[in-house]
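>>> sequence? don't have it. structure:
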Ligand code: URA
């Protein structure tokens, strides 16, 4: 394959042959293709798009650019991926809840990106919690505890690391086939047979409109199905933050409330809904209503919390030492009484980032205690 002919093919809107696309991804992962040619191709894909078949081949080739995990367990494996939003802490209660319902959940999560928080940063606000386990330890804990939550390793989907870094600086991030291949290559490499996607839309989300979120959801499902996995997607509103807390330790606190059967209705509700879809798609329950009832019971009776505590202890987290506390707190009262008519999730995400809950540079150290708490939600009365 001659690189410039391959780029021209996509520039002119033609479909790549499978062998060429696979060779291209090998060149990306092995570093034999220079940045300028990869970047030119990314822009051609951004402008011309890809067919469903091309997207699936790209995803498969990116997945196979590194290690692919496989589990041989008596329980079905399942995972969730959220496209990210403000106050989205759902993974923290969801993984142990699903493990309690009889699933095995190998969850590889990310750090904060822009104004959206990351599960790894949140978990690290628990003193000692180790998200850098090696793959053998990760697999052992998935088998023994039922769930384990770690960060991306260097060996999983290395082609995505290079493509993502180039997309970030070439204006080619918002492309449905490129986003699909990026998300799916990592999730497929992680080895879960069932994947449920929480595709968010709105002010605090990557996809601003419901129509774009639907297009991404359809692309994720089509790609997952072509590659032999069971997939479902929920399209959920991210115009206001999830729950009442934004910030790493504050969101762990809220997650613990949800694991105790309490916490904000929206966080508990979405956790239960996603758990039920994962459990049904993985074959643990036939009816969504039965799975939801089991999920609610596991939150109410403390069994999901016990699984979280077991995962936390296995990952060296010391919940008993307490979570970081902010040195100072400031009340932000409403200027007048009334009902909350509108909420700008993105502005709240920016405020939390400015307080230290998110990164302003790659090397920035987070203030794990910083953030916003006791947020009011749409339609609520304020005095
Ligand atoms: N998350 C990813 O992992 N990749 C994308 O392209 C977008 C979101």
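Noted; the coordinates are in hand. As the structure is a prediction and not an experimental result, all values here were calculated from the model.
>>> For residue 156, give its distance to residue 188.
Separation of residue 156 from residue 188 (Cβ to Cβ, to the nearest Å) stands at 10 Å. Placement of C-beta: from N, CA and C, glycine included.
>>> give the contact list for residue 275.
By Cβ atoms under 8 Å, 6 or more residues apart in numbering, residue 275 lies in contact with 94, 97, 98, 101, 291, 292, 295.
>>> The first one reaches residue 272, doesn't it?
Right, residue 94. No - contact status for residue 94 versus residue 272: not in contact, 9.2 Å apart, counting by Cβ atoms under 8 Å.
>>> Counting neighbours, go ahead and name the busier of the two.
residue 94 (30 against 22; other Cβ atoms under 10 Å).
>>> Quick one: list the elements packing against the helix or strand in which that one is found.
Taking DSSP states H and E as the criterion, residue 94 maps to helix 91-100. In terms of contacts (3 or more Cβ pairs under 8 Å, 6 or more residues apart in numbering; DSSP states H and E), helix 91-100 is packed against strand 78-82, strand 105-109, helix 119-123, strand 147-151, helix 248-259, helix 265-281, helix 288-300, helix 303-314.
>>> Residue 274 touches residue 80, doesn't it?
Yes - Residue 274 is within contact range of residue 80, at 5.6 Å (criterion: Cβ under 8 Å).
>>> Which residues are in contact with each of the two?
With Cβ under 8 Å, 6+ apart as the test, residue 274 and residue 80 both reach 90, 94, 196, 198.
>>> is it possible to export the residues you listed to JSON lines including distance to residue 74 and pLDDT?
Output for the shared contacts of residue 274 and residue 80, formatted as JSON lines (distance: Cβ to Cβ, whole Å; pLDDT from 0 to 100):
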{"residue": "90", "distance to residue 74": "26", "pLDDT": "97"}
{"residue": "94", "distance to residue 74": "21", "pLDDT": "98"}
{"residue": "196", "distance to residue 74": "21", "pLDDT": "98"}
{"residue": "198", "distance to residue 74": "27", "pLDDT": "98"}
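>>> Most neighbours of all the residues you listed, which one?
Counting by other Cβ under 10 Å, top hit in the shared contacts of residue 274 and residue 80: residue 94 with 30 neighbours.
>>> what's it in contact with, if anything?
Counting by Cβ under 8 Å, 6+ apart, the residues that residue 94 touches are 80, 271, 274, 275, 278.
>>> Same check on residue 73?
104, 142, 143.
>>> Filter those down to the buried ones.
104, 142, 143 (16 or more other Cβ atoms under 10 Å).
>>> and residue 168, how many neighbours?
Neighbour count for residue 168, taken as other Cβ under 10 Å: 11.
>>> need the helices and strands packed on helix 91-100 in a markdown table with mean pLDDT, can you?
As requested, the helices and strands packed on helix 91-100 are exported to a markdown table (pLDDT from 0 to 100):
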| stretch | mean pLDDT |
| --- | --- |
| strand 78-82 | 97 |
| strand 105-109 | 95 |
| helix 119-123 | 95 |
| strand 147-151 | 96 |
| helix 248-259 | 98 |
| helix 265-281 | 98 |
| helix 288-300 | 98 |
| helix 303-314 | 98 |
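>>> who wins for proximity to residue 323 among those?
When the helices and strands packed on helix 91-100 are compared by Cβ to Cβ, helix 248-259 sits nearest residue 323, at 4.2 Å.
>>> Tell me which residues are up against the closest one.
Residues contacting helix 248-259 (Cβ under 8 Å, 6+ apart): 87, 89, 92-93, 96-97, 117, 121-126, 243-245, 263-264, 267-268, 271, 299, 304-305, 308, 323-325, 357, 366, 368-373.
>>> got the angle for that helix vs helix 265-281?
Counting by axes from the mean of the first three to the mean of the last three Cα atoms, to 10 degrees, helix 248-259 lies at 60 degrees to helix 265-281.
>>> Looking at the contacts of residue 94, spot the one nearest residue 236.
Residue 236 lies nearest to residue 274 out of the contacts of residue 94, by Cβ to Cβ, at 9.1 Å.
>>> residues contacting that closest one?
By Cβ under 8 Å, 6+ apart, the residues touching residue 274 are 80, 90, 94, 196, 198, 234.
>>> now, which of the residues you listed sits nearest residue 18?
Once Cβ to Cβ is applied, the member of the contacts of residue 274 that ends up nearest residue 18 is residue 196, at 28.4 Å.
>>> buried set for whichever strand or helix holds the closest one?
Using DSSP H and E, residue 196 sits in strand 194-201. Neighbour counts over strand 194-201 (16+ other Cβ under 10 Å) mark 194, 195, 196, 197, 198, 199, 200, 201 as buried.
>>> Can I get the residues you listed in CSV including distance to residue 349?
Shown next, in CSV, are those (distance: Cβ to Cβ, whole Å):
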residue, distance to residue 349
194, 30
195, 26
196, 24
197, 21
198, 17
199, 18
200, 12
201, 15
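>>> And these, which is closest to residue 183?
Closest to residue 183 out of the buried residues of strand 194-201 is residue 197 (8.0 Å), distances taken as Cβ to Cβ.
>>> Quick one: distance of the helix holding residue 94 to the chain centre.
14 Å (Cα atoms, centre = their mean, to the nearest Å).
>>> is the ligand contacted by it?
No - residues of helix 91-100 are not located near the ligand by Cβ under 6 Å from any ligand atom, the shortest gap being 13.9 Å.
>>> same check, this time on stretch 111-118
No - counting by Cβ under 6 Å from any ligand atom, the ligand has no neighbours in stretch 111-118; the shortest distance is 7.3 Å.
>>> Check which residues of that stretch are buried.
Neighbour counts over stretch 111-118 (16+ other Cβ under 10 Å) mark 111, 112, 115, 116, 117, 118 as buried.
>>> Check whether the last one really touches residue 124, as I assumed.
Yep, that's residue 118 we're talking about. No - the criterion here is Cβ under 8 Å, and residue 118 misses it with residue 124 at 9.5 Å.
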